[in-house]
Structures are given as structure tokens and as C-alpha cells.
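Asker: I need the structure of the sequence given here:
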Amino acid sequence: MRFETDVRESTLVTFAAGEVKGSGTVLFAGAGEDGNTLVVCDSTPVHPVSFRWPDQPADRGTMTGADGVGHPVVDALTGMANSETGELVLGEDARALGRTGDEWKSVVVHVVSGAKPSIGATVSIEVDADYRRKLSVAHTAAHLSAFALNRASKAYWTKEGAAVDSLGSPDLDKEAIVSASLSENVSVDTYRVGKTLRKKGFELDRFIADLPDVIAAANETLKGWLSAPGAVSLTPVPSTLDARRLWQCSLDGQDAQMYCAGTHVADLSDLAEVTVLIEPAESGFVMHTRAAGR
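Answerer: Residues are numbered from 1 along each chain as shown. Take a look at the predicted model:
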């Protein structure tokens, strides 16, 4: 989908700071699919789904105009706006851009069920906090399980040369992940171990044969980390949707970090439990992470 707009800058987003309420000035409002309205504001607390790595679903919420009437935000997409021409592209058209130059800016496109707001109007936006929290629990747990997987799989590397995570373990998660999917309190990560990774020294067959031990080790690590909770941060905040944000927390007294565009809990104490189950799959494996929030 393509639209002509006056949008020239990336959306200022506040979800990285955990915000679920905010306001913005309407920069674009146009007809979407199924009778919905597409709305771009200069700022928003809404987290959109990414067309590049769509692991975390979009927030849900409500957009309210000056008349006090709230309209459901049923979805939120990541669009690309050309800062020189104002052209806005969505979906497959955005994906087809591939690597973009500095002139293309990422924007949050709210999919709103209801009347089209006026350009220049101020709207208030409120996110479904319970749904956001469950997705944040799942996303933080997914990062913890990735670090736990890396630690539990160290013995199955026979060579040096693989990427290393911030805790010093060979980064199997980064090297092998091909897809990720988050839902409420659950994440599913799919990994593929091909010829390149085998040449780097990862022994998949032995790893699969020892899965009960690997799972037990990962879950023991996760249990230990949750017994010593600490703050979880996502920086910079506030920032534009274009910004590259860094997720950080302390695990075993070390600074665990990875780049992430999602939402997270504020502290590991917000997680009551995190457990993983790893199953063999064609040319690799799938890791299921289940988490319970407090």
C-alpha cells in the first residue's frame, strides 16, 4: 500500500519506557482495509509490529479525539515514510524497499476502527496495559532463555569462531535463529543449524541426543537468575521508532545486553517463573519459553 502524505520524520515512541498512555498530533489519516482508518501521529505509546522481524504483535488500545469519543486501535503497523516526498509505504511495498537510505523514516501506523480524525488534531492514545504486560513478560523471558540456551550449549562447540554473547558464551541464539513468535506469556523460537554453523564447530546431533540435560541446565540457570532480580532497561528513551534500542539487565553480576525493538518488564522481579522446552526440528530445533508474571 502506498499513500501521499506530509509525514517527514520518524514517530516519537514512548513504549520503550513502559508508557501505555500518551497523545499525539495527527499527521496523516487515510482509508485502510476492512473499513478501518490508518492514522500516523507525531508521537505515540503504541508498539507496532515490524515487517522486518515480526516477533512481537502490535499493541491494542484506544484513540480518543477532542470530542471524547474513543475508537479501538485494532492493530499497528510499521510504515516507511520518505522524508523528501512524504510517500508512505506499508506491508509488502515497505518490505520490497529492502535496505533503505537515510531519506526513509520508520513510522507507527495505527489501524483504527472508527471515524477519520482531522490532520493537525490532537488525539489521546491508551494502550491495553494487560495485553502489553503479557507480551512484555514473554519478550523479556525470551531474552533470558536465549542467554540460558547459549550457556547450556557451550559444550557442543568444538571450534572457536562463533559470535559470543555479552555473558561470554558462544551465541547459538544469534547464529542459528531463523524465526521468533511472541504471544501472551509465551515465545517460540526456531533455530536452523546448517553447513555453515556445523563448519564453525556446532555438533547438532550430540546436542539433540543430550536435550534432556540441556533443557535441565537451561531451566536451572533461569531459576537462578530469577532468584536475584534486578532492573531491566531499554535505551534510549524517549526515542524515535528508527532508533536502535539496547536491552540490558544484570545476570550473575554481568551486564547482559542485546539490541531489541520490543517491550519489556521493568525488573526481573516482575517474572514469577520462566521455563523452556526444546524440541528437535528439521535441520535444527525449536525452543518454547513459558513465563508467568507477578
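
Asker: which residues sit against stretch 186-199?
Answerer: By Cβ atoms under 8 Å, 6 or more residues apart in numbering, the surrounding residues in contact with stretch 186-199 are 55, 138-139, 141-142, 145-146, 162, 172-173, 175-181, 202, 204, 281, 283-291. Bear in mind the C-beta positions are built from the backbone N, C-alpha and C, glycine included.

Asker: run the last query once more with 7 Å
Answerer: 138, 141-142, 175-181, 202, 204, 281, 283-290 (Cβ atoms under 7 Å, 6 or more residues apart in numbering).

Asker: just the buried residues of those residues.
Answerer: 138, 141-142, 175-177, 180, 202, 204, 284-285, 287, 289 (16 or more other Cβ atoms under 10 Å).

Asker: quick one: mark the members of those residues that sit in helices.
Answerer: Members of the buried ones among the contacts of stretch 186-199 lying in helices (criterion: DSSP state H): 138, 141, 142, 175, 176, 204.

Asker: report the separation between the fourth one and residue 214.
Answerer: Separation of residue 175 from residue 214 (Cβ to Cβ, to the nearest Å): 16 Å.

Asker: what lines up beside the helix or strand where residue 26 lies in the sheet?
Answerer: Using DSSP states H and E, residue 26 sits within strand 21-31. Its sheet considered, strand 21-31 pairs with strand 37-41 (antiparallel), strand 122-127 (antiparallel) by DSSP bridges.

Asker: circling back to that earlier point, can you list the ones in helices among the buried ones among the contacts of stretch 186-199 in TSV and add pLDDT and distance to residue 17?
Answerer: Conversion of these to TSV gives the following (pLDDT from 0 to 100; distance: Cβ to Cβ, whole Å):
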residue	pLDDT	distance to residue 17
138	98	19
141	98	20
142	98	20
175	96	31
176	97	32
204	97	40
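
Asker: what is the nearest of these to residue 250?
Answerer: Here the nearest of these to residue 250, counting by Cβ to Cβ, is residue 141; it sits at 16.3 Å.

Asker: so the closest one is in contact with residue 291, correct?
Answerer: Yes. Using Cβ atoms under 7 Å, residue 141 is in contact with residue 291, at 3.6 Å.
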